[in-house]
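**Student:** next come a sequence and a model predicted from it.
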There are 4 protein chains.
Amino acid sequence: MTAKHDGRRIRLGMVGGGEGAFIGAVHRIAARLDDRYELVAGALSSTPDRSARSAAALGLDPSRAYADFATMAREEAALPDGIEAVSIVTPNHLHAAAAHAFLDAGIHVVCDKPLTTTLEEARALAAHARRSSLVFALTHNYTGYPMVRQARDMVRAGKLGTIRVVQVEYAQDWLAGPFEDTGNKQAAWRTDPAQAGAGGCIGDIGTHAFNLAAFVTGLAAEAVSAELTTFVPGRRLDDDVRAMLRYAGGARGGLWASQVAVGEENEVRLRVYGTAGGLDWCQRDANSLSYTPLGGVRQVLTRNGSGATEANRRASRVPAGHPEGYLEGFANIYSDTADAILAARDGLVGQDRLFPSVDDGVAGLAFIEAAVRSSGAGGAWTPL
Amino acid sequence: MTAKHDGRRIRLGMVGGGEGAFIGAVHRIAARLDDRYELVAGALSSTPDRSARSAAALGLDPSRAYADFATMAREEAALPDGIEAVSIVTPNHLHAAAAHAFLDAGIHVVCDKPLTTTLEEARALAAHARRSSLVFALTHNYTGYPMVRQARDMVRAGKLGTIRVVQVEYAQDWLAGPFEDTGNKQAAWRTDPAQAGAGGCIGDIGTHAFNLAAFVTGLAAEAVSAELTTFVPGRRLDDDVRAMLRYAGGARGGLWASQVAVGEENEVRLRVYGTAGGLDWCQRDANSLSYTPLGGVRQVLTRNGSGATEANRRASRVPAGHPEGYLEGFANIYSDTADAILAARDGLVGQDRLFPSVDDGVAGLAFIEAAVRSSGAGGAWTPL
Amino acid sequence: MTAKHDGRRIRLGMVGGGEGAFIGAVHRIAARLDDRYELVAGALSSTPDRSARSAAALGLDPSRAYADFATMAREEAALPDGIEAVSIVTPNHLHAAAAHAFLDAGIHVVCDKPLTTTLEEARALAAHARRSSLVFALTHNYTGYPMVRQARDMVRAGKLGTIRVVQVEYAQDWLAGPFEDTGNKQAAWRTDPAQAGAGGCIGDIGTHAFNLAAFVTGLAAEAVSAELTTFVPGRRLDDDVRAMLRYAGGARGGLWASQVAVGEENEVRLRVYGTAGGLDWCQRDANSLSYTPLGGVRQVLTRNGSGATEANRRASRVPAGHPEGYLEGFANIYSDTADAILAARDGLVGQDRLFPSVDDGVAGLAFIEAAVRSSGAGGAWTPL
Amino acid sequence: MTAKHDGRRIRLGMVGGGEGAFIGAVHRIAARLDDRYELVAGALSSTPDRSARSAAALGLDPSRAYADFATMAREEAALPDGIEAVSIVTPNHLHAAAAHAFLDAGIHVVCDKPLTTTLEEARALAAHARRSSLVFALTHNYTGYPMVRQARDMVRAGKLGTIRVVQVEYAQDWLAGPFEDTGNKQAAWRTDPAQAGAGGCIGDIGTHAFNLAAFVTGLAAEAVSAELTTFVPGRRLDDDVRAMLRYAGGARGGLWASQVAVGEENEVRLRVYGTAGGLDWCQRDANSLSYTPLGGVRQVLTRNGSGATEANRRASRVPAGHPEGYLEGFANIYSDTADAILAARDGLVGQDRLFPSVDDGVAGLAFIEAAVRSSGAGGAWTPL
């Protein structure tokens, strides 16, 4: 994964990610890691004052620190050296409007997940993106881990045979108490239906789990039976979700996501079992992947190690045994998107792209809405 | 865990467990490990010839090698030194009749799981056992692991606060292919509804998972939404089950059991999360238990190590760091049952007993039947 | 690993192992586990009163509870149904005299390690054992683990090529403080040169590590450069030993044993690296063995699982995934010794035996004495 | 760990790190990760043509792509916006001359390890650096891991009491065969005494292990007894080293480093045991640290998690549970160095600095030379 710019980096803007935000800083490091982007503009906060202060802290030219995304889209589009791509890292309810504005301005979009707050919005945005021919990346960043990509390669290569069982989970504990009531800004918007949408835990981390399973298996979920629970008194959205899934072709899945699992920091795990083999990956041990062929011995594949697939090697920067982590995986999404943007410059489209797209965002919202309905209907199997 | 017999061991008989059986040998080792029992009689096979041969191989007196359990119950009851207890290790469909016969004969019963093949049978057997005042142990052997017992102690001591989430699973792969068609006797009866009952995977290992969760949490399951799947073509019972559970008091559970999870040997894991802490135990690392208090640091508790509870220490034989395993856990069920049998001799009953009883067997059948019904009804929440 | 007695068990006696002892109870469980032995006589303590009380607690016939080993050897040899084998589980300084007495009486010997307190004693005992044609087993019990035996098989099969590097360690912390001064009987004799010999930590656990490396690799150690340290003030023997080893053929080894490694319960680990592959085993995860062929992918071999060698399967009792532990490994030593005793009855000798013998005991004492000398000589390389 | 530049980044140059190099790219990512540096000049290769091509690939101004480090030092020093710091990432034998040149030019130095090829050179360079008052960082990058820093904090806070035992190791297998003969440039110079110095494995990775132990424990090594071995036929430097260490205050250490340990990718592990507790850290699980207080329960501390020390939090970028890895640890060295450089601008010196310095380089060479002498003298204890 080496820098491949032609003497200049892709000019990047950012919406959201100002003071007090968390994921904005992650996006900036991810964009910078492989030296493929240069951050040159921002509408970093909905508060103009904070926006300007945040821009200064990042060394942006004050003339390119905007008060709102609409102005930014319009003015940057008019500059000869305006931004070529934008990262949208606001709370969920602002994604759609911002994304439409930049697509209208002919600017490529990197958007945090979930794509929007409703399936209807998501579909409209997807249609817009398709019409535009612009690159649209959705940061389901776990798909950027080299071993997750190797898992996908192995499924495609038939190492698992026909998939039967998919178990995916994402457990954390940072919302085990009513932290939205104690001034925690991250907790506040994530548990507010107006900003987060209809899903709390399911939207924030459940969609990551759902997407991870889809990315690796390539299977489409057809129906869900779910139960969403709110454990913390007074909370307005779910903080625990469990779901049974039926995939096209007969595979069955189990998904569990929780924000009240005391002791779990960010425990993401995917297991896939087929007629010919089984796979096991978890974020805690992100640099390895366990694979067992039917009747054979368990193998521990490693990042950039023996037995690494091409996608694994391409997503790696350092030799096997030296761990790469969350930021490197996130950077892989950004750097692959950079490749797509450079290709788009040259009029190339439609290549096989590893980064999640606006269509994954639509699938995520379909999952959220179907699960919410199923849970409300006593666990009835609900089509996606 | 030292031998505490008063100069003589409890005289034990066995029904089933002859040549070609698997679990019978495990029961015998478990009974022998702490020197609390002496095997003196058996109806080891339904084939008289094989029964006699098996008895000889075990060094039994030929006069106490019976052709069937009914004869054995009757004749042993009439001997001055007849058996005091019996182990029933046949396929499921024979448990009930054998157990009734020995209870009628005034003989304590250790029975393999699941208790019976129907809930109705289970209830009748439980009623009989209660009337008899005899000891009745059901070998849900995972409850014999010292760290599982410590987990239960910790829940009772309030270390987890109010339980919110229970995740339990039991995955294996030995039925990933149609091995019932290849002369594998174990596979044949376990996939035959006439011998196994209405549940395949759910009865064979799902009930272990269900019982393990109940043992540790002390929570009663109130309703289940389940999906049972048969992946191997031609198989007559489920080989994969996933279920969502609602426990009394509002806790929510997820249960997954599979016999087609390629690469999993016997992966049993229980995680419990409450308002004050979380626990994680798995059989693969049976000698440790992970516990994290809310807001605190993860602790790795060990068998017989620092921080061990009384139940942990009592269930241990060797110092911390030297692993004890499946057979030792199984032996704990037998040795605790021996204590209960000795107490019964002295007219003592009703003490707190750690080994699973006939009531756990009833609960297991209730789970199987409710899950089968839920699965047939599109995952509808079904009371237990 | 099934019972293979011809209707009767081998009659066993025990020297040491009375009240307050630790390892005696382990030997008794190990002997009993596979139903190959029956304990019928004992000289369980050097205090006659305690000896009788211990015998009664074990259900021995009072006439066979002896006040001392010499009487026991003499009288049992004269009985028509006298013991066929004896377990010697006293402190180290008593091993030699007891072993000589039973060899003289024509009784097979199972002896705890280290064999004796001096190399000279060890050599004399080995000579006696060889002259006697009796079975002599030394309980370096870690060699009884199925995966350790698989490791040995793999080395012999050439899976590692020529061995270059051997790293072995045994770390524990139970002597991190001056527990010999607080009435801990185990600590007291193990730190007393009169009872333990010239080595403290090196004799008690260092010899286990040394033997484990020799068992798996088949290599003879030719020279040692060692440093023995006593960290706990007032202690009379070493509580930490580190050594560099030169093996025949050019392999190099590192050995570390410590009784002051706070946090380590009984951490035994062996790694072996050759020109064609590497192996890694540790007691904490005793049911698996990691193997990586040169340029290949790491494989996780399991007890009784896919890829298990014959020795692994033979040393296993339950299916893969259900852990077996320390007691089962110990029992393997006893049960293999039972096979040898039965073979000796039939006049068979000289077969390939997996259990450690008196010769391993000589090698252990050679290691202890050479390491003590090297440490005293500033780490000078000292031949074994 | 957020960017803290005052509107501009530190101007950085690089010596070495052109096409075909490995560690140069790592240094560039590490410098870029927190946005504290801007690479603006380079003498990237000793071949002018390759140097220019490498500079172009990195987007450097051609006027600042130098043919050699001496010219670069001289010309950059004369520029108003010349580099403020330089990274030296050449083979070992070129470090000293380059470092002297940039110190002479008043430019801060970041140098790869080992510092030089001889202790004498190292001392001269250290003296120069001290006279200069410039910042000098040596990239013993494992000290940049948050959990390694927490380990150091815990030792300083007395959590281990008086340290008794230090076990450190670094095992890898990439030189298990004669890859220096097959055109592998990395292998070639690392096994060439003229470029690498007197130590092969000991210099390349043994010094990392030695430094890691010193960083965490704060102990000075006083003497070493070592054995260096060359396993691969024809190799000119050692590829395996084992050493016993005596530390000031009585602690004893064991160090093992190997480049022929088949199956080990880059297995770095440090264990430290004291009178009051024990610590265990390994790179494979870099985001956690195991700590056990004497008589207590093992705790698993995590990066940025509960129980994190200030140094752990400061070295972290993302929440606990999301792994950070090798590049982030390397970046911590660069970013801390950036703080020191900014402080130097303001005339501040002498603060507590976490990054390794030129003095650590001197200690590393002292270790190499003493170990080589000890190994040649039959393992004689040799003062450092």
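**Tutor:** Great, that's in hand. Residues are numbered from 1 along each chain as shown, chains lettered A, B, ... in the order given.

**Student:** and the stretch 151-300 of chain A, which of its residues are near chain B?
**Tutor:** With CB under 8 Å from any CB of the partner chain as the criterion, the stretch 151-300 of chain A meets chain B at residues A:160, A:164-165, A:167, A:169, A:173, A:176-177, A:225, A:227, A:229, A:231, A:240, A:242, A:244, A:250, A:252, A:254, A:256, A:258, A:260-264, A:271, A:273-280, A:290-294, A:298. Quick note: C-beta positions are derived from backbone N, CA and C, even for glycine.

**Student:** helices of the stretch 1-150 of chain A, residue ranges please.
**Tutor:** A:23-33, A:48-57, A:69-78, A:95-104, A:119-132, A:146-156 (DSSP state H, counting those that start in this stretch).

**Student:** give me the most central residue, chain A.
**Tutor:** Nearest to the mean C-alpha position of chain A, by CA atoms, centre = their mean, lies A:His140 at 1.5 Å.

**Student:** isn't that one right up against A:His208?
**Tutor:** Yes - between A:His140 and A:His208 there is a contact at 6.0 Å, judged by CB atoms under 8 Å.

**Student:** mutual contacts of these two, please.
**Tutor:** Contact criterion CB atoms under 8 Å, 6 or more residues apart in numbering or on different chains; residues shared by A:His140 and A:His208: A:Lys113.

**Student:** counting neighbours, what do you get for whichever residue of the stretch 151-300 of chain A sits closest to chain D?
**Tutor:** Nearest to chain D in the stretch 151-300 of chain A, going by CB to the nearest CB, is A:Glu265, at a distance of 2.6 Å. For A:Glu265, the neighbour count with other CB atoms under 10 Å in any protein chain shown is 25.

**Student:** secondary structure class for the closest residue to it other than its chain neighbours?
**Tutor:** Nearest non-adjacent residue to A:Glu265, counting by CB to CB, 6 or more residues apart in numbering or on different chains: D:Gly321, 2.6 Å away. Recorded secondary structure, D:Gly321: coil (DSSP: H, G, I helix; E, B strand; the rest coil).

**Student:** wait, what's in contact with the residue sitting furthest away from the middle of chain A?
**Tutor:** Here chain A reaches farthest from its C-alpha mean at A:Gly295, the gap being 35.2 Å by CA atoms, centre = their mean. Contact partners of A:Gly295, counting by CB under 8 Å, 6+ apart, are C:Ser306.

**Student:** how far away is it from D:Ala311?
**Tutor:** 49 Å (CB to CB, to the nearest Å).

**Student:** wait, a helix at A:Ala188?
**Tutor:** Yes - counting by three-state DSSP, A:Ala188 is part of a helix.

**Student:** so for it, what's the nearest residue that isn't a sequence neighbour?
**Tutor:** A:Glu180 (4.8 Å).

**Student:** now do the phi/psi pair for that neighbour.
**Tutor:** phi -70, psi -20 (degrees, to the nearest 10).

**Student:** nearest to chain C: which residue in the stretch 51-200 of chain A?
**Tutor:** Counting by CB to the nearest CB, the stretch 51-200 of chain A gets nearest to chain C through A:Gln150 (11.5 Å).

**Student:** ok, that residue - contacts?
**Tutor:** With CB under 8 Å, 6+ apart, A:Gln150 has these contacts: A:289, A:301, A:308-309, A:311-312.

**Student:** what segments of chain A are strands?
**Tutor:** Under the criterion DSSP state E, chain A contains strands at A:10-15, A:37-43, A:85-88, A:108-111, A:136-138, A:163-171, A:221-229, A:240-247, A:252-258, A:267-274, A:277-282, A:288-293, A:298-302, A:382-383.

**Student:** any idea how far the residue nearest to the centre of chain A is from chain D?
**Tutor:** Separation of A:His140 from chain D (CB to the nearest CB, to the nearest Å): 14 Å.

**Student:** what pLDDT is listed against that residue?
**Tutor:** On the pLDDT scale, A:His140 is placed at 97.

**Student:** equivalent analysis for A:Ser46, please.
**Tutor:** With respect to pLDDT, A:Ser46 scores 86.

**Student:** please apply the same query to the one 3 residues further on.
**Tutor:** For A:Asp49, the pLDDT comes out at 88.

**Student:** then A:Met1?
**Tutor:** pLDDT recorded at A:Met1 is 39.

**Student:** may I have stretch A:346-361 as PDB, with CA atoms only?
**Tutor:** This file holds the C-alpha atoms of stretch A:346-361, laid out as PDB (Å, rounded to 0.1, in the frame of the first residue of the first chain):
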ATOM      1  CA  ASP A 346      -9.400   9.200 -16.500                       C
ATOM      2  CA  GLY A 347     -13.000   8.300 -17.200                       C
ATOM      3  CA  LEU A 348     -12.700   4.800 -15.800                       C
ATOM      4  CA  VAL A 349     -15.600   3.400 -13.900                       C
ATOM      5  CA  GLY A 350     -17.200   0.100 -13.000                       C
ATOM      6  CA  GLN A 351     -14.100  -1.700 -11.800                       C
ATOM      7  CA  ASP A 352     -14.300  -4.100  -9.000                       C
ATOM      8  CA  ARG A 353     -14.200  -1.900  -5.900                       C
ATOM      9  CA  LEU A 354     -13.500  -3.200  -2.400                       C
ATOM     10  CA  PHE A 355     -14.800  -0.200  -0.600                       C
ATOM     11  CA  PRO A 356     -18.500  -0.100   0.500                       C
ATOM     12  CA  SER A 357     -20.700   2.000  -1.600                       C
ATOM     13  CA  VAL A 358     -24.000   3.900  -1.500                       C
ATOM     14  CA  ASP A 359     -25.700   0.600  -2.300                       C
ATOM     15  CA  ASP A 360     -24.300  -0.900   0.900                       C
ATOM     16  CA  GLY A 361     -25.900   2.100   2.700                       C
END
